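Student: Predicted structure and sequence below. I'll ask about it afterward.
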Amino acid sequence: MCISPKFGGLLDSDKMAKAKILVVGDEAITAMDIQNRLKELDYDVPAIAASGEGAIKRVEEIEPDLVLMDIVLKGDMNGIDAAEEIHDRFDVPVVYITAYQDEELLEKTKVSEPYGYITKPFEDKELRPVIEMALQRHRLEKALRESESQYRSIFDSATDSFLIFDTDGNIVEANIQACKMYGYPYEELIKLSGKDIVHRDYCHLFEQFKRDVQRTGEFHAEAVDVRKDGTTFDIEVRGTLFNYKYKPHLLAVIRDITERKKADATLSESEIRFRELFDNMSSGVAVYEAKEGGTDFVFKDFNHAAEKIDHIKKEDLIGKSVLELFPGVMDFGLFAVFQRVWNTGKPEHLPISFYKDERIVGWRENYVYKLPAGEIVAVYADVTARKKAEEALRESEEKYRTLVESINDIVFTLDRAGKFTYLSPGFEVDIGYLPEDLIGHSFTEVLAPEYIESTVDIFRRGLSGETIPLYDVELLLRDGRRLPIELNVSSILDAEGQPIARLGVARDISERKKMEDELQRSEALYRTIFEATSAPTVILDEDGTFYRVNAEGARISGFTKEELEGKKSWTEFIAKKEDLEMMKGIHRLRITDSDKVSSNYEFLFKDRFGNCRNIYVTAAGIPGTKRSVVSFMDITERKRGVEALRESEEKYRTFIERTSEGYWSLNLEHKTVEVNQALCDMLGYTRAEIMGKSPHDFVDEENLKIFKYHMGKIESTLHRSYEIVLKTKSGEDVFTRFNATTIIDDTGEFKGAYSLVTNITEQKKAEEALRESNAKIRSITASAHDAVIMVDDEETISYWNEAAERIFGYTEEDMIGTKLHGAIIPERFREAAVTGFKSFRETGQGAAVGKTLELAANRKDGTELPVELSLSAVKLKDKWNAIGVIRDISERKKDEKALKESEERFRTIFDSAVDGILLVDLDTRRFYMANNAICQMLGYTVGELTNMGPADIILKEDLPWVMKELERVVGEAISEGSDIPMKRKDGSVIHTNINGARIEFAGTKYLLAIIRDVTELKKKTEALRRFNKLAVGRELRMIELKKELNALLEDLGKEPRYKIAGV
């Protein structure tokens, strides 16, 4: 078991100076007798005081280790009053000397907390035990107070909150951080129950905390707690069961994780922002993940615009290969762009090109980027309508070769004759020759003579195919000095696998050789020290047999060196079975892996005669051997004091071991003397691997500068806080925050420092993820053809992309931080916009949110342009922000205007025609269009007619020949018909004349039927026919009557009256 450096003063008590004692008594002869007795017992008694006042003055002057105080003294101050003041002011132990056994008097002395009583008369043998016990007790109490003070400092300086609960859940102890975290004074906090500080929704977790800790000894959860002012905050709590004031208690280590939660929320908001921008862009965006070294790319994300452009749903392609779903991507050239961007990280633009596969065809323009996280993003537009056929496929390849000149070692090649064919520039630095000085020369020319023969032999064996291990030689430098090097040489093979040359790497091992020489010198020094040291010291073989024993080691065992060395095992001197098993394990581990074993522990030693004593061991493996060196220290007399101190230390060690923060304690030389498991877990090392090392050993060069700066202040600044990146055993970075405190002893001397180390890696990752998310947003929106603008809840512009600069003429610098409504919204719309935004700020809702609207906007030059706005709402930090994707639709509006004018002209002609017009779909035999005249003619609305066909308005008996006429129109493209009866909606029949012609548009054939209502005309014609018929009949009758009258007149011999023309 390791002994803390804090116990060093107790263990070295035998080296202390004589105890200094002040004798206080008003009887001079008695006092002088006591002084002489004490001197004979080897105590230092520099003075005697005759009164209470004199005793206090003497204590201040000579600073004694103990006061022997007579209770009854002459003067105003008796011995009890003097002892009480000495105890309070100077912390010097007092032993009372009294001739009385009065219970009442002894009860009064307790106020001054005496360290013992000596009753007169007394013998010398009674004096020493009382004094030694008093001195030992005072030293232990002082050490205990220092330990309590140091660990209370750790307890109160921790950045985590510590709360101690009794088994009923009541708070009985709290550190300063807990008081700050919950907002209560200490006196109030320790009167509360756990339920008073836990949010009501998490009270069940507190009950679980009490159950789990008492049942399993452990608990870990996240919850929400409540401060005194009623505000809530997120926490992470770890619980454990431990003894406090000799009873089971629950320790809770609580960390405020509100900032971490906020960082998570910020990241989530950033992702929401990205998703809103991503899904509302008018350009198609596809995100890919590279597979198998960039030989394939699979879909990782796909926005709504891309779904429309490529006629495919996002869920049908996520996780699938681009080659599988878009087989034309190779010929299109986009796949090659993906690979280049993935390899180089540089964005590329694939100009307008024609894409075709069995599913889709069209013209596309692509912008391809690589995101910080490594994904490939393609932002593209369907430009089929514009049809720019500009082929742009460029490939650029860069080849890199590894330069051997960048390494510190010498690299060389030899041909089969042993002549240099290549030498790296490092050769000149190390040897003094230029490479060209030795090219074509034999390697033996630079070897020290005694190495030539053996090295030539190795060279020949290597050419024959033998594998040569590392070996050492010495080179002759140009100035005559020698350079020891380590050679690693292998063969260069031809196509058939035969050695054709040798490739070598030479490393300078001068420093290693110096270390080996130093090791030999230290070996001799070690032997001298081993024999001369006063501490019992032994060297053990691997099997535990004594290999060497010094004189003190032999003395403590009761055997001679000759009886021990090579004959007895250390296991014969272990008194307790459990100590034996522990030490066997330590001994085995020291032989196999010394870094993982403690060098200090205690055990109960039994000598030759059966006497037992407590021994403190310092042991270590001897490098390069399987032996161990062990030294002993007898600590039997100090064991009780150490145990009391250890109990105090254990209480606070529990805090250190249970906190989620790392604990790192350093000595005067800034070397590690103590760490907790949290720090070991954080760095991936065992305690043994960290002990004795400096924090400098766990950082890179950049962070070493930070460490040195703050460690330079370790003795002048009591508290420091700073961030630094540590390296784990596996080489990973751990971002940490150090809260360092300097340790100062009672005299103000610097003794070391300790730090509470917080792992802030997740916080840093969240910050980095946030930066990557923002980079992703900027990368994608910067490539968009549409303007992307973001406005916060104060109507202030917070994002303005390049397309917005191009459309509106304002730069990003012009617009960020300005009010949106005063810049691009026309004057006539601003009041309504401001009013609408007030409602949006409260609810995130509005008439334009979630819709695509056509509006007007202002450019920087004052001109107005039509735009299409897609507006969405996103909540960031509990405030509504608006994201607008704006498209310039000026050209589209011009086209629409022209089309609308053309349509209006057609519609005016169509609807103003006197004749009825019907457009019949020749495939479906249904009416496609109808004008106002035909609606009035038949009594139907346009909507009713466009759901009908010829069969619905032609009389049943006429339908066959009318349909036959339709077939003829399909074949001949023109037709004319007259007197075709049609049914009106009210059932009446009208007569019509129809002129028909076949037309075609949008790929569909139609019959254009121009219909004229001839019902009234037919009625008039029929009436006229009947009138004519009647008129002609009457005229013919009159002619007949005239003929008969003329004949009668002729019969009467008279002249005919009427002249009748020939009919």
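Tutor: Received the coordinates, thanks.
Student: how about low-confidence regions in the stretch 51-200 of the chain?
Tutor: 99-113, 147-158 (pLDDT under 70).
Student: What are the boundaries of the strands in it?
Tutor: Using DSSP state E, counting those that start in this stretch, the strands of the stretch 51-200 of the chain run over residues 66-70, 94-98, 116-119, 161-165, 171-174.
Student: Which of these sits closest to residue 128?
Tutor: Set against residue 128 and scored by C-beta to C-beta, those come closest in strand 116-119, at 10.8 Å. (Each C-beta comes from the backbone N, C-alpha and C, glycine too.)
Student: Sheet-wise, list the partners of the closest one with their directions.
Tutor: Its sheet considered, strand 116-119 pairs with strand 94-98 (parallel) by DSSP bridges.
Student: Would you indicate which residues of stretch 621-629 are buried?
Tutor: 621-622, 628-629 (16 or more other C-beta atoms under 10 Å).
Student: among the strands of the stretch 51-200 of the chain, which is nearest residue 498?
Tutor: Among these, the nearest to residue 498 by C-beta to C-beta is strand 161-165 (72.7 Å).
Student: Outside of that closest one itself, which residues are in contact with it?
Tutor: Contact with strand 161-165 is made by 155, 171-175, 177-178, 181-182, 194, 210, 244, 249-256, 655, 659, as judged by C-beta atoms under 8 Å, 6 or more residues apart in numbering.
Student: Just the buried subset of those, written out for ChimeraX, thanks.
Tutor: Buried residues within these, by 16+ other C-beta under 10 Å, are selected in ChimeraX with:
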select :155,171,173,174,175,177,178,181,182,194,210,244,249,250,251,252,253,254,255,256,655,659
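Student: re the thing from before, tell me the one of the buried residues of stretch 621-629 nearest residue 86?
Tutor: residue 629 (47.8 Å).
Student: What are the buried residues along the host helix or strand of that closest one?
Tutor: Assigned by DSSP states H and E, residue 629 belongs to strand 628-634. Residues of strand 628-634 classed as buried: 628-633 (neighbour count, 16+ other C-beta under 10 Å).
Student: partners of that strand in the sheet?
Tutor: strand 537-540 (antiparallel), strand 612-621 (antiparallel).
Student: before we move on, back to that, out of the buried residues of strand 628-634, flag the one nearest to residue 704.
Tutor: residue 629 (33.2 Å).
Student: residue farthest from the centroid of the protein?
Tutor: Distance from the C-alpha centroid of the chain, by C-alpha atoms, centre = their mean, peaks at residue 1053 (143.7 Å).
Student: tell me which element that one falls in.
Tutor: Here residue 1053, judged by DSSP H and E, is contained in no helix and no strand.
Student: before we move on, the earlier item: any chance of JSON lines for the buried residues of stretch 621-629, columns pLDDT and distance to residue 1006?
Tutor: Listed next are those as JSON lines, based on pLDDT from 0 to 100; distance: C-beta to C-beta, whole Å:
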{"residue": "621", "pLDDT": "76", "distance to residue 1006": "102"}
{"residue": "622", "pLDDT": "77", "distance to residue 1006": "106"}
{"residue": "628", "pLDDT": "82", "distance to residue 1006": "106"}
{"residue": "629", "pLDDT": "84", "distance to residue 1006": "109"}
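Student: And the residues you listed, which is closest to residue 963?
Tutor: For those, with residue 963 as the reference and C-beta to C-beta as the criterion, the closest is residue 621, at 110.8 Å.
Student: Can you read off the pLDDT for the residue farthest from the centre of the chain?
Tutor: Note for residue 1053: predicted pLDDT of 76.
Student: What backbone torsions are found at it?
Tutor: When read as degrees, to the nearest 10, the backbone of residue 1053 gives phi 80, psi 20.
Student: For the remainder of this discussion, apply numbering that starts at 279.
Tutor: I'll keep to 279 as the first residue from here, and by that count the last item is residue 1331.
Student: which residues does it contact?
Tutor: Listed by C-beta under 8 Å, 6+ apart, residue 1331 has no contact partners.
Student: Tell me, how many residues neighbour the nearest residue to residue 1071 once chain neighbours are set aside?
Tutor: Nearest non-adjacent residue to residue 1071, counting by C-beta to C-beta, 6 or more residues apart in numbering: residue 1157, 4.3 Å away. Neighbours of residue 1157 under the rule other C-beta atoms under 10 Å: 12.
Student: Same question for the one 4 residues further on.
Tutor: If you count neighbours by other C-beta under 10 Å, residue 1161 ends up with 20.
Student: what's in contact with the helix or strand where residue 840 lies?
Tutor: Using DSSP H and E, residue 840 falls within helix 839-842. Applying C-beta under 8 Å, 6+ apart, the contact partners of helix 839-842 are 816, 824, 827, 829, 831-832, 835.
Student: do stretch 946-954 as well
Tutor: By C-beta under 8 Å, 6+ apart, the list of residues contacting stretch 946-954 reads 282-283, 934-935, 937, 940-945, 965, 968-974, 989, 992, 1028-1032.
Student: Just the buried residues of those.
Tutor: Of all these considered here, the ones buried according to neighbour count by 16+ other C-beta under 10 Å are 934, 937, 940-944, 965, 968-969, 973, 989, 992, 1030-1032.
Student: Narrow the residues you listed to those in strands?
Tutor: In strands, judged by DSSP state E, the following of those are found: 940-944, 1030-1032.
Student: contacting residues around the most centrally placed residue in the chain?
Tutor: What sits nearest the mean C-alpha location of the chain, by C-alpha atoms, centre = their mean, is residue 1043, with 2.4 Å. With contact set as C-beta under 8 Å, 6+ apart, residue 1043 has no partners.
Student: What mean pLDDT does the helix or strand hosting it get?
Tutor: Taking DSSP H and E as the definition, residue 1043 sits inside helix 1039-1060. The average pLDDT within helix 1039-1060 is 72.
Student: Quick check: next helix or strand after that helix?
Tutor: strand 1065-1069.
Student: quick one: strands adjacent to that following strand?
Tutor: strand 1075-1078 (antiparallel), strand 1157-1166 (antiparallel).
Student: Out of the ones you listed, the one nearest residue 601 is which?
Tutor: So among the strands paired with strand 1065-1069, strand 1157-1166 is nearest, using C-beta to C-beta, at 30.9 Å.
Student: low pLDDT regions in the stretch 979-1128 of the chain?
Tutor: Low-confidence segments of the stretch 979-1128 of the chain (pLDDT under 70): 1024, 1051-1062.
Student: quick revisit: check the contact between the residue nearest to residue 1071 and residue 1070; I expect there is one.
Tutor: Yes - contact criterion C-beta atoms under 8 Å: residue 1157 and residue 1070 qualify, at 7.0 Å.
Student: Tell me which of the strands paired with strand 1065-1069 lies nearest to residue 315.
Tutor: Among these, strand 1157-1166 sits nearest to residue 315 (C-beta to C-beta), with 85.6 Å.
Student: Can you mark which positions in the closest one are buried?
Tutor: Within strand 1157-1166, the residues that count as buried by 16+ other C-beta under 10 Å are 1158-1166.
Student: repeat for stretch 586-605
Tutor: Applying a neighbour-count criterion of 16+ other C-beta under 10 Å, one finds 587-588, 590, 595, 599-600, 603-604 buried in stretch 586-605.
Student: Mind checking the pLDDT average for it?
Tutor: Rounded mean pLDDT across stretch 586-605 is 90.
Student: With distance to residue 573 as extra columns, can I get the strands paired with strand 1065-1069 in CSV?
Tutor: What follows is the strands paired with strand 1065-1069, written out as CSV (distance: least, C-beta to C-beta, whole Å):
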stretch, distance to residue 573
strand 1075-1078, 37
strand 1157-1166, 35
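Student: so which of these gets nearest residue 507?
Tutor: When the strands paired with strand 1065-1069 are compared by C-beta to C-beta, strand 1157-1166 sits nearest residue 507, at 23.6 Å.
Student: any idea how far that closest one is from the chain center?
Tutor: Remark: strand 1157-1166 is offset 29 Å from the chain centroid, using C-alpha atoms, centre = their mean, to the nearest Å.
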